[in-house]
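J.: attaching a predicted model along with its sequence, questions to come.
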Amino acid sequence: MSALDGLITEEWLKSVGFRWDEWERSGGKHWTLWFGDVQHKGLSSFEDLGIEVCRSRPDSAEWSCWLRSDCSHKYARFIHLRYITEQRELIAVVQALTGFSWNPENHLYGSIRRPEQAKYIRETEDRLDRRVMKGSKWAEHEKDESQMRPEVRKP
């Protein structure tokens, strides 16, 4: 049994770069990993394509798994792919959809990055402006780095 044969948990999703969001009547946290920016061509934004999971029921080890697209930031489109329970199942889906090996070191801020992108982001994290920004948590959603920023709702 390998280290990735365990059950999917929120702690594991957070540790491998997924970000969560929760909204009214959503049924719990929805965890997303974007990969629209991993290709050099074809997609215009990192939010063009991603994978999203959430528990099927609060008391279940089963997770619903969707392919998600927020193309043009107009609204989310979902395609339910399957139900999953184990980490290796989710990893296999992500690898099949991206064509890249599973490497959580390159999963930054809820998005899979190409190795050169991830390296640049890690190098810039130590700048003074980034340290100051991360040092002060003004809003509730900033206190948990695995939470996505809330969507601005227009009246």
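T.: Received it, and whenever you're ready, just let me know what you need. Quick caveat: nothing in here was measured; it's all calculated off a predicted structure.

J.: okay but residue 55 is in contact with residue 63, surely?
T.: Yes: using Cβ atoms under 8 Å, residue 55 is in contact with residue 63, at 5.8 Å. For the C-beta atoms, the positions are set from N, CA and C on the backbone; glycine is no exception.

J.: of the two, which one has the most company?
T.: The neighbour comparison of residue 55 against residue 63 (other Cβ atoms under 10 Å) goes to residue 63, with 22 against 18.

J.: nearest residue to the more buried one other than its sequence neighbours?
T.: In space, and not counting its chain neighbours, residue 63 is closest to residue 53: 4.7 Å by Cβ to Cβ, 6 or more residues apart in numbering.

J.: which residues sit in contact with the one you found?
T.: By Cβ atoms under 8 Å, 6 or more residues apart in numbering, the contact set of residue 53 is 8, 13, 18, 30-31, 63-66, 84, 90.

J.: of the residues you listed, just say which sits nearest to residue 107.
T.: Distance to residue 107 across the contacts of residue 53 (Cβ to Cβ) is lowest for residue 18, with 7.7 Å.
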